[in-house]
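Colleague: one predicted model, sequence on top.
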Amino acid sequence: MKIVCLIPARLESTRLPGKMLKNIGDFPVIVQTYLAAKNLNLFDDIWVVTESKEIGKAIENVNGKVFYSTKDHNSGSDRIAEAAETIEADIIVNVQGDTPLIYRESMIKLLDSFRNDSTNQVDLASLMTKVDATENVNDSNIVKVIVDINDFALYFSRSAIPFIRNNDVDINYYKHIGVYVFRKEALLNFYNTPQTPLEKAELIECLRYLEIGKKIKMVYTDEFTLEIDTENDLLNAITYFKKN
């Protein structure tokens, strides 16, 4: 089983422009993410997929591989799928370029979702964790996920899901962490399908997978994560790397 990690990275960002090239610790965000993926020693190959020469140069400076996308893309999955069409792999790992802290144990759990899937039910797997006490479940920047009894995703939303009408029921809220592992075929199916209505409405790419009938296995992790979407996230990342 050949496992290839593809890291999508675009220079423009609505909430935090140019975030991929902002320094945290000794390197820019995208370089820290690439190095974190490399240090896992779990992948047969790693590529950063970008349209940006500046991002590409930053990765090449640490001897990383760069695939320059030539098309406009609506999501990270679309971006890496352009590269996946030409790269030999059985399993594609998508590590978002703005997640510079990746834990080996969580990644092994994701990969095991496929190794242990003898009936090929799993099309892709992703991470979730509890929304902690410092976070607001109504924050639209936090994508929430609900799952069935086998931990397959039922829905993702920027709204607070589920809605708690019966306060006697103890329910946890889970947020989605943007690390994905795909069967290559599922990724290319996604790529060759136009954006779907719910995806367009919520601007959540994994909804397209659900809308076209793909099964997403969610893997729980309680490990600390860093996802850089806002200025405050960037400051937290800078603080973390200073301490570690």
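Modeller: Arrived safely, thanks for sending.

Colleague: what about residue 55, which SS state?
Modeller: Secondary structure state of residue 55, per DSSP: H, G, I helix; E, B strand; the rest coil, is helix.

Colleague: what about the residue nearest to it when sequence neighbours are not counted, neighbour count?
Modeller: Taking C-beta to C-beta, 6 or more residues apart in numbering, and ignoring the residues beside it in sequence, residue 55 has residue 9 as its nearest neighbour in space, at 5.1 Å. For the C-beta atoms, the positions are set from N, CA and C on the backbone; glycine is no exception. A count of neighbours around residue 9, defined by other C-beta atoms under 10 Å, yields 30.

Colleague: I'd assumed residue 50 was in contact with residue 9.
Modeller: Yes - contact status for residue 9 versus residue 50: in contact at 4.5 Å, counting by C-beta atoms under 8 Å.

Colleague: so residue 176 belongs to a strand, correct?
Modeller: Yes - for residue 176, which was evaluated using three-state DSSP, the result is membership in a strand.

Colleague: let me see the contact set for residue 77.
Modeller: Residues in contact with residue 77 (C-beta atoms under 8 Å, 6 or more residues apart in numbering) are 8, 94, 180, 187, 190-191, 205-206, 208.

Colleague: quick check: the residue nearest to residue 82 when sequence neighbours are not counted vs residue 61, distance?
Modeller: Distances taken as C-beta to C-beta, 6+ apart put residue 69 closest to residue 82, at 5.1 Å, once the chain neighbours are dropped. Between residue 69 and residue 61 the distance, using C-beta to C-beta, to the nearest Å, works out to 20 Å.

Colleague: still on that earlier bit, could you dump the contacts of residue 77 to a markdown table with distance to residue 79?
Modeller: Supplementary listing: the contacts of residue 77 in a markdown table, determined by distance: C-beta to C-beta, whole Å:
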| residue | distance to residue 79 |
| --- | --- |
| 8 | 4 |
| 94 | 9 |
| 180 | 12 |
| 187 | 11 |
| 190 | 11 |
| 191 | 9 |
| 205 | 10 |
| 206 | 14 |
| 208 | 14 |
